[in-house]
Each structure stands twice: as structure tokens, then as C-alpha cells.
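Trainee: Sharing a model that was predicted from the sequence below.
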Amino acid sequence: MKSQITALSRLAPTKGLRLTALLQEKDGILLISMKLHEYQSRALLASYSVPVPKGEVTSDPEEAFRIAEAFGGKVVVKAQVLMGGRGKAGGIGLFEDARKASEFTAGLIGKRLVSPQNPIGMIVEKVLISEKVEIAEEYYIALLLDRTEQKDVLVLSARGGMDIEDIAVKEPEAIMKVPIDPKWGLWNYEIRHALKKAGINIKAHSQLVSLAENIYKMYREKDCTLIEINPCALTQDGKVVAVDAKVTIDDSALFRHPEFSRSEESAEDPIEAEAVRRGIAYVKLDGEIGVIGNGAGLVMLTLDEIAKTGKKAANFLDVGGGAQAERVRDCVELVLMDKGVKVLLINIFGGITRGDEVAKGVVQAIKELGVEIPIVARIEGTNAEEARAILSGAKITPARSVREAAEYAAKLVEAR
Ligand code: GDP
Ligand code: MN
């Protein structure tokens, strides 16, 4: 499928408070990435020699029982949802008994988990049944792009676990950052120095140095935008293990990693999953202005202009080149599946895409879907005159520029 959801956009930080979000979205810029599920992240880390607990994925409570039994009943059941704060949302259970683990699985499948990081929440479809690690200490270790430093950074803390977000805000000095010079990479002594400054147990240092080197290799080779291991555990018998892992891959690099292609499973939202089925480049955001445009750059520009009005876009959607009326109709339908959309903004600069085809699609959508919300359209380029003629019959506010379109849309949101 087409993956033109390209690099950078000036979006207001939308996904709540996370340590990585604090670093990555400081200046309001969000990098569009594909999130991997924990079990996928673990497999990838293991292929880079990072120690991870053994485990298996299932959505069947009986199978969960069998997997748990094979681990002697001492397991952790973990909801596989693409959101932070699962522990606090009730998505993690520790057990000594396979039957209890199976019952917990049965209760979790189909349930919606809601956390401070994700107030809308996500439905659990799969769980990871993982051997329970006897944790002595919990560290935080991550690699990500820090926009303030304009570099990739290694982030370390001796205070890993579920409260790292609070610590990042209240005691930022407990978190060590090592900016990485792309010319030289990550030096062994830099890692050791940071481990020491972070106050991490000396017993774990050598293992953590190897781990940091391994994940940096993975970060570069797999075009990751984030590798976050929290907690990175020191076990009671002195071993370092990646107990939880979050990995995201740069969307713009997906073309060279067929192993990570976007799928329904990678979708963070039901509408995104539907977009994957329809082959539409769509990313859900949480504003009230629905956006349809052609070309990733033009859509990004539209999001910028909306942000300047103080309102927020509800989504990113690129109809792609040469869209026919039928596809435009499908796109309108998709955007309106989001009940938060109060106004629709259509921004087309016709090259290969013909303005009149887009206009026909919009009119078709209004008729067939009974669209009632206001629509603002800015259509320029190929067959723009014809497009305007088609749209003038429908109740659509025409705009001459992207800025004007954004301003009209913002006013219409206020009027509702
Ligand atoms: P998150 O809430 O989505 O970050 O999920 P985690 O996988 O990080 O689990 C949350 C917390 O559960 C961790 O910080 C640990 O304290 C605990 N936990 C998870 N797995 C294990 C395990 O194997 N053994 C023990 N003892 N605790 C675990
Ligand atoms: Mn975690």
C-alpha cells in the first residue's frame, strides 16, 4: 500500500503526557511513526541480542492456560494494545497460577482499556503470556530523536517503572540524556559515564552497555524513531532483561522495511484500521476539522494553517494522485466516521488530480451519505473552474487560498 504519510507536521501535542512525548513534541512537532506491538518489539530486540522474557501471544483463554502452565503458572498476562499506561489501566496481571492467568485473559479480551495517556482507550484483541521475571530493580532506557538537541539521544534512569512520566516532570535530574553525534555514534565510555551518573547499580553496567550498543544498532538499521525499554529489569539473580518494550518505526522509511508494513493490526484506532482496508493514507488526530487533501505536503500545510487559527485538525488524509469521484466519496465517508468532526475542509491542488472529479465525489458523498456538517473547499489547478461550478450547486463554502479555507473552517466550528 501507499505510505505517503510523510515526515513532519506541526500538530499540537495530542497524545497526552509521556516522557518520550515531552522530548519529541516539545516544539509541537510530531513525527509520524508506526507503532509495533510489545510482542513484535520483543522479537525484534531479541534478534539484536537483547535479553527478553519468553512468551506467547493468544486471544484464547484456554490457550492462555496451556501457555501459562508451560511456565509453571508463574506468568504475566499483558494486553497487546498500542497505548501507554497499560499497567495503570488494568491491562497487566501477575500470576502464580495458570487457571487465574486464563481467567484474567478471558476478562481482558474484548475489553476497552483507558489510561491517562489514552483517554479514548483501545480494545484488547490479544494478550501476551510471558514468563514472570523476578525483578530486583527497574530502570528506564530509551533511544529517540530529541528535537531540542536535534540529535538522537540515549535516555537513562535508575527510576524506571510506571511512574517515569511523573519523575520526568518533577525530578528531571533523575533522567540522564546522552546526545549522540551521528558521525561517531554512541561511545562505550559515554554510556558508562551516564550509567554512573544515573546512579544505576554497578552490577548492571556491563550488560546495559551491551544493551545500549545493540539497541543503537537496531535503531539505525530499522529506522526506528523510538526504542523504549521500561522497565529494563535487573533480576534477583543479576541479569538485565527488557521486561517491556515500545518500538516505533519512521513512516517515511517503511518502504525499505517490508517486514513492518502497515496492517490492520498496526492501526491505533478503528478508523485507521478501516483506512488500511480501503488503502487510504489516514492518520487520526483529535481535533474537530476533518481534512481531505491531495499530496502529503499539501495536507501538512493544511494542518499548519488550521493550527494557526487555534483550532485542531481531526485527521490527516491524502487522497493520492489522480483520485476518481468514487475514491473521494470513500474518503469523505472515512473522515466522517469520526464523530468529533464538526466541519470538513477539502484542499485540492489539481495536477494529475482533476478538480471536477474531486467535486463530483464530494457531491456524491453529500447525497449518498446525507452529510449535514458544513464543508469548506479550496480547489485550484486542473479543472478548477468546472469543480467550482459543480460545487456551487451544493451547500459548500468556497475558499481561494489554504489560509482562507482554514479561517472559514475555524469560524464554522465556532458557529456550531
Ligand atoms: P505498561 O504499564 O504498559 O508500561 O506495562 P509494563 O510491561 O511496563 O508493566 C507494568 C509494570 O508491571 C512494570 O513496571 C512492572 O513493575 C510490572 N511487571 C511487568 N512484568 C513483570 C514481570 O515479569 N515481573 C514482575 N515482578 N513485575 C512485572
Ligand atoms: Mn512499561
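Mentor: Okay, I see it. Ligands and ions are numbered 1, 2, ... in the order given.

Trainee: Going by C-alpha atoms from here, please, whenever you check contacts or count neighbours.
Mentor: Will do.

Trainee: after the top helix by length along the chain comes which helix or strand?
Mentor: The longest helix of the chain (DSSP state H) is helix 205-221. Downstream of helix 205-221, the first helix or strand assigned by DSSP states H and E is strand 224-235.

Trainee: Would you list the strands that that next one pairs with, along with their directions?
Mentor: With DSSP bridges as the test, strand 224-235 is paired with strand 135-146 (antiparallel), strand 240-242 (antiparallel), strand 245-250 (antiparallel).

Trainee: Flag every residue of this protein that's near ligand 1.
Mentor: The chain comes close to ligand 1 at residues 76, 84-88, 132-135, 161-162, 230-231, 243-244, as judged by Cα under 6 Å from any ligand atom.

Trainee: hmm, 8 Å instead?
Mentor: 53, 75-76, 78, 83-89, 91-94, 130-135, 138, 160-162, 230-231, 243-245 (Cα under 8 Å from any ligand atom).

Trainee: Let's see which of the residues you listed end up in strands.
Mentor: 75-76, 78, 92-94, 130-131, 135, 138, 230-231, 245 (DSSP state E).

Trainee: ok so, going back, report the buried residues of the longest helix of the chain.
Mentor: In terms of neighbour count (16 or more other Cα atoms under 10 Å), helix 205-221 has its buried residues at 205, 207, 208, 209, 211, 212, 213, 214, 215, 216, 218, 219.

Trainee: For residue 241, report the pLDDT, please.
Mentor: Per-residue pLDDT puts residue 241 at 98.

Trainee: what comes up buried for stretch 197-206?
Mentor: In stretch 197-206, counting by 16+ other Cα under 10 Å, buried: 197, 198, 200, 204, 205.

Trainee: can you check stretch 284-298 too?
Mentor: 284-298.

Trainee: I'd say residue 234 and residue 138 touch.
Mentor: Yes - counting by Cα atoms under 8 Å, residue 234 touches residue 138, with 6.4 Å between them.

Trainee: got any ranges where the protein has weak pLDDT?
Mentor: Across the chain, the ranges flagged by pLDDT under 70 are 1-31.

Trainee: ok, residue 272 - contacts?
Mentor: Contacts for residue 272 (Cα atoms under 8 Å, 6 or more residues apart in numbering) come out as 264, 282, 283, 284.

Trainee: wait, residue 140
Mentor: By Cα under 8 Å, 6+ apart, the neighbours of residue 140 are 155-161, 164, 228-232.

Trainee: how about 10 Å then?
Mentor: Residue 140 sits next to 155-162, 164, 175-176, 200, 228-233, 242, 244 when contact means Cα atoms under 10 Å, 6 or more residues apart in numbering.

Trainee: try residue 374
Mentor: So residue 374 contacts 342, 343, 344, 345, 395, 396, 397, 409, 412, 413, 416 (Cα under 10 Å, 6+ apart).

Trainee: Please apply the same query to residue 128.
Mentor: 37-39, 54-59, 64, 67, 75-80, 92, 105.

Trainee: Emit the ChimeraX select command for whichever of these are buried.
Mentor: Per 16+ other Cα under 10 Å, the buried members of the contacts of residue 128 correspond to this ChimeraX selection:
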select :37,38,39,54,55,57,58,59,64,67,75,76,77,78,79,80,92,105
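
Trainee: ok now do the residue of the stretch 301-416 of the chain at minimum distance from ligand 1, which residues does it touch?
Mentor: Nearest residue of the stretch 301-416 of the chain to ligand 1, counting by Cα to the nearest ligand atom: residue 315, 25.5 Å away. The neighbours of residue 315, taking Cα under 10 Å, 6+ apart as the test, are 272, 282-292, 299, 303, 335, 338, 341.

Trainee: Residue 266 now?
Mentor: Contacts of residue 266 (Cα under 10 Å, 6+ apart): 34, 35, 36, 37, 81, 82, 260, 272, 273, 276.

Trainee: quick one: which of these has the most company?
Mentor: residue 35 (25 neighbours; other Cα atoms under 10 Å).

Trainee: Distance of it relative to ligand 1?
Mentor: Using Cα to the nearest ligand atom, to the nearest Å, we find residue 35 at a distance of 13 Å from ligand 1.

Trainee: Find the residue closest to that residue in space, skipping its chain neighbours.
Mentor: residue 248 (4.4 Å; Cα to Cα, 6 or more residues apart in numbering).

Trainee: got it, and residue 101?
Mentor: Per Cα to Cα, 6+ apart, closest to residue 101 is residue 95, 6.0 Å.

Trainee: looking at it, residue 273 is touching residue 337, isn't it?
Mentor: No - contact criterion Cα atoms under 10 Å: residue 273 and residue 337 do not qualify, at 11.9 Å.

Trainee: Show me the one of the strands paired with strand 224-235 that comes nearest residue 170.
Mentor: strand 135-146 (16.0 Å; Cα to Cα).

Trainee: Nearest to residue 391, out of the strands paired with strand 224-235?
Mentor: strand 245-250 (37.7 Å).

Trainee: Tell me which of the buried residues of stretch 284-298 fall in strands.
Mentor: 284, 289, 290, 291, 292, 293.

Trainee: ok, which pair from those residues is furthest apart?
Mentor: Between any two of those (Cα to Cα), the greatest distance is 14.5 Å, for 284 and 293.

Trainee: how much space between residue 255 and ligand 1?
Mentor: 29 Å.

Trainee: Verify the contact between that residue and residue 249 for me.
Mentor: No - at 11.1 Å, residue 255 does not count as touching residue 249 under the criterion of Cα under 10 Å.

Trainee: between these two, who's got more neighbours?
Mentor: Shown here are residue 255 and residue 249; by other Cα under 10 Å, residue 249 has more neighbours (22 against 15).

Trainee: Could you pull up the residues touching the more buried one?
Mentor: 31-36, 219, 222-227, 257, 260.

Trainee: Contacts only, for residue 170.
Mentor: residue 164.

Trainee: Can you tell me how far it is from ligand 1?
Mentor: Distance from residue 170 to ligand 1, by Cα to the nearest ligand atom: 19 Å.

Trainee: Residue numbering should commence at 489 henceforth.
Mentor: Okay, using 489 as the starting number, the last item reads as residue 658.

Trainee: Name the SS class of residue 554, please.
Mentor: helix (DSSP: H, G, I helix; E, B strand; the rest coil).

Trainee: tell me the contacts of the nearest residue to it once chain neighbours are set aside?
Mentor: Distances taken as Cα to Cα, 6+ apart place residue 586 nearest to residue 554, at 7.6 Å, with adjacent residues excluded. Taking Cα under 10 Å, 6+ apart, we find residue 586 in contact with 550, 552-563, 592.
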